[in-house]
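**Student:** Provided below for reference: sequence and predicted model.
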Amino acid sequence: MTNSGQRHFPATMSEVKDELRPSKSDVDRVYSQTLPKWSSYAQKSYHEREFTANTLHLPNILGKVPSYLGHDISGTQTRNENLEFDLYTRSFPGYPSTLFVNGTSLWKVGDGDCELREKTLSHQILMGVQKPVSCSFWEDGRFADWSEDGSTQTGGGNCLAILVFAWAQAGWKNDTNESLQGAIDINLGDVSISAALWWTAILAKGEGWRAEINRDDAVYQSPWSTAFVAADFQFRLTGTNTPHSCVTKVCVPPTSEVALGYLIDFCCLHNAGSQCSAALAAALTLPSVGNASLPVPTSHASSPSDHKPKSPDSSSTAKQLKHKERTLTDFHLLPYYMTLSCSGRAIEALLCNTFFNPHIPCNLVSAFIQPIFEVLHPIIAAKHYSILALTLGKAKSNITALWTGSLITGPAHQIIQRCRNGFPTVEMHSAAWTGTIQTFMSLDPRPGAGLCVEAGWEDEGWGGGGLCAGS
């Protein structure tokens, strides 16, 4: 009751809805701002049409991501052997069990008058799987002709699938030889017997060498384990030391450093520098997919004369040196990439962040999302996957490589659809580690302020990873 004796009732639902419903002018404003921006992204991507080493520079995503299982905590490139971890298994009915290590992160609000206490959250890092990722080939011709630094590589085509298998083994191993009609010829060049055996194993039908760990009477493989299951294909390797001449030799898997050398030599032979970065990004998505499809390798074994050593010019030599340096950098950063790769839906959340704009009110999200997909849908329908990755990368340039990798293996399609339907993935650890804002809950309510949380990864021997980005 008021002083005048009149009763005041709450607003009706229709009045509440009117308050929440954005005005037409606001809708038009957001739409008209978003459409030309994303149209320009697509136009620039159609003009570029190709990836460069800078476009696919994976270290851009790392921020303060901690290293996997304590590698490099002491500042060296080797694991600190004094660290000990408790391993746990997790299983669900009808699914193979997984092996993981459990850690905790400490969260607190940034500067301000808030009296909220620190909060501890648990976080699991995948350590092993019982079933490898089944890999087959796409039938839509994606990335069939990969342009390398302004010119199509010798013979055209791509070797992405080969490099994905190589990264999956080099980072973390039976020898089979079946006779099938659908053979894909892969030239190894002038390689040693050990290198030929390594390539034979990683490209074998089914599984080659395996990185395993035993726990509770069960065998677990690395999260990047793959099994080549394309029914109508097999790889036929050629080179100085063909696998057929040495399959009976006893050998053990090479060290990661030696395997890296084999990988670099192959990339130099096939001028596949940027493909090497894209393949590593694709390998990062393997733990989050049960089945992966990969681009069919094409045009990498033409006439033998095409593979005779040629006198390199200064330009090609400089490019190869630069690609080698980038590959070495990626190799040394593998423990940090592996943390993101094995942290549940961390990579998916980073990709979903492409469609998050903290300056758009929640009641105007539809006006913001609609023009984006008006631009993307024709690209998707035309199956211009390189253009799609480049366009998405224009919005968040540091994750172009991740979009490319997820388009190579497949999860990008489901991620894009989730975002279109308004259900983006949020993963707070990856947000804090990489300094990205994935939800309004990470925003400081004060005008002009930025990310307002600090997360430190501190349990079970994990090191690094704190972040506090304010105004």
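**Tutor:** Received it, and whenever you're ready, just let me know what you need.
**Student:** would you put the C-alpha positions of stretch 366-380 in PDB?
**Tutor:** In PDB, the C-alpha atoms belonging to stretch 366-380 read as follows (Å, rounded to 0.1, in the frame of the first residue of the first chain):
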ATOM      1  CA  SER A 366      20.600 -13.300 -32.300                       C
ATOM      2  CA  ALA A 367      21.200 -10.100 -34.100                       C
ATOM      3  CA  PHE A 368      24.900 -10.600 -33.700                       C
ATOM      4  CA  ILE A 369      25.000 -14.300 -34.700                       C
ATOM      5  CA  GLN A 370      22.600 -14.200 -37.700                       C
ATOM      6  CA  PRO A 371      24.800 -12.100 -40.000                       C
ATOM      7  CA  ILE A 372      27.800 -14.200 -39.200                       C
ATOM      8  CA  PHE A 373      26.200 -17.400 -40.400                       C
ATOM      9  CA  GLU A 374      24.700 -15.600 -43.400                       C
ATOM     10  CA  VAL A 375      28.400 -15.200 -44.400                       C
ATOM     11  CA  LEU A 376      29.500 -18.600 -43.300                       C
ATOM     12  CA  HIS A 377      26.700 -20.800 -44.800                       C
ATOM     13  CA  PRO A 378      27.600 -20.300 -48.500                       C
ATOM     14  CA  ILE A 379      31.300 -21.100 -47.700                       C
ATOM     15  CA  ILE A 380      30.300 -24.200 -45.900                       C
END
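**Student:** residues contacting the residue lying closest to Ile369 once chain neighbours are set aside?
**Tutor:** Of all residues not flanking Ile369 in the chain, Phe355 sits nearest, at 6.6 Å (C-beta to C-beta, 6 or more residues apart in numbering). Bear in mind the C-beta positions are built from the backbone N, C-alpha and C, glycine included. With contact set as C-beta atoms under 8 Å, 6 or more residues apart in numbering, Phe355 has these partners: Ile369, Ile372, Ala395, Cys419, Pro424.
**Student:** Can you pull the phi/psi pair for the nearest residue to Pro96 once chain neighbours are set aside?
**Tutor:** Nearest non-adjacent residue to Pro96, counting by C-beta to C-beta, 6+ apart: Gln130, 3.7 Å away. Dihedral pair for Gln130: phi -90, psi -20, per degrees, to the nearest 10.
**Student:** hang on, isn't Gln130 packed against Ser222?
**Tutor:** No. Here Gln130 lies out of contact with Ser222, judged by C-beta atoms under 8 Å, at a distance of 11.5 Å.
**Student:** between these two, which one's more packed in?
**Tutor:** Ser222 (24 against 16; other C-beta atoms under 10 Å).
**Student:** Assign Val27 to helix, strand or coil.
**Tutor:** Using DSSP: H, G, I helix; E, B strand; the rest coil, the structure places Val27 in helix.
**Student:** List the contacts of it.
**Tutor:** Val27 touches Leu364, Ala367, counting by C-beta under 8 Å, 6+ apart.
**Student:** Ala401 - how many residues pack around it?
**Tutor:** 27.
**Student:** contacts for the helix or strand it falls within?
**Tutor:** Per DSSP states H and E: Ala401 is located in helix 400-409. Helix 400-409 is contacted by residues 51, 55-58, 60-61, 142-143, 160, 164, 277-286, 289, 292-295, 347, 350-351, 354, 385, 388-390, 392-393, 412, 415 when judged by C-beta under 8 Å, 6+ apart.
**Student:** how does it look with 6 Å?
**Tutor:** 55-56, 58, 160, 278, 281-282, 284-285, 289, 292, 351, 385, 389, 392-393, 412 (C-beta atoms under 6 Å, 6 or more residues apart in numbering).
**Student:** what's the spacing between the residue nearest to Thr238 when sequence neighbours are not counted and Cys267?
**Tutor:** Excluding its sequence neighbours, the residue lying closest to Thr238 (C-beta to C-beta, 6+ apart) is Asn187, at 5.2 Å. Distance, Asn187 to Cys267, by C-beta to C-beta, to the nearest Å: 13 Å.
**Student:** And Gly189, by the same measure?
**Tutor:** 11 Å.
**Student:** for Cys276, phi and psi?
**Tutor:** Dihedral angles for Cys276 - degrees, to the nearest 10 - are phi -60, psi -40.
**Student:** For it, which non-adjacent residue is closest in space?
**Tutor:** Cys267 is the one closest to Cys276 (C-beta to C-beta, 6+ apart), at 4.8 Å.
**Student:** helix or strand for the one you found, which one?
**Tutor:** Applying DSSP H and E, one finds Cys267 within helix 256-269.
**Student:** buried stuff in that helix?
**Tutor:** Buried positions in helix 256-269, judged by neighbour count with 16 or more other C-beta atoms under 10 Å: Ala259, Leu260, Tyr262, Leu263, Ile264, Asp265, Phe266, Cys267, Cys268, Leu269.
**Student:** about what we covered before: can I assume the residue nearest to Thr238 is in contact with Arg236?
**Tutor:** No. The criterion here is C-beta atoms under 6 Å, and Asn187 misses it with Arg236 at 10.0 Å.
**Student:** more neighbours, these two?
**Tutor:** The neighbour count for Asn187 versus Arg236, taken as other C-beta under 10 Å, is higher for Asn187 (19 against 16).
**Student:** Do you know the pLDDT at that one?
**Tutor:** pLDDT, Asn187: 80.
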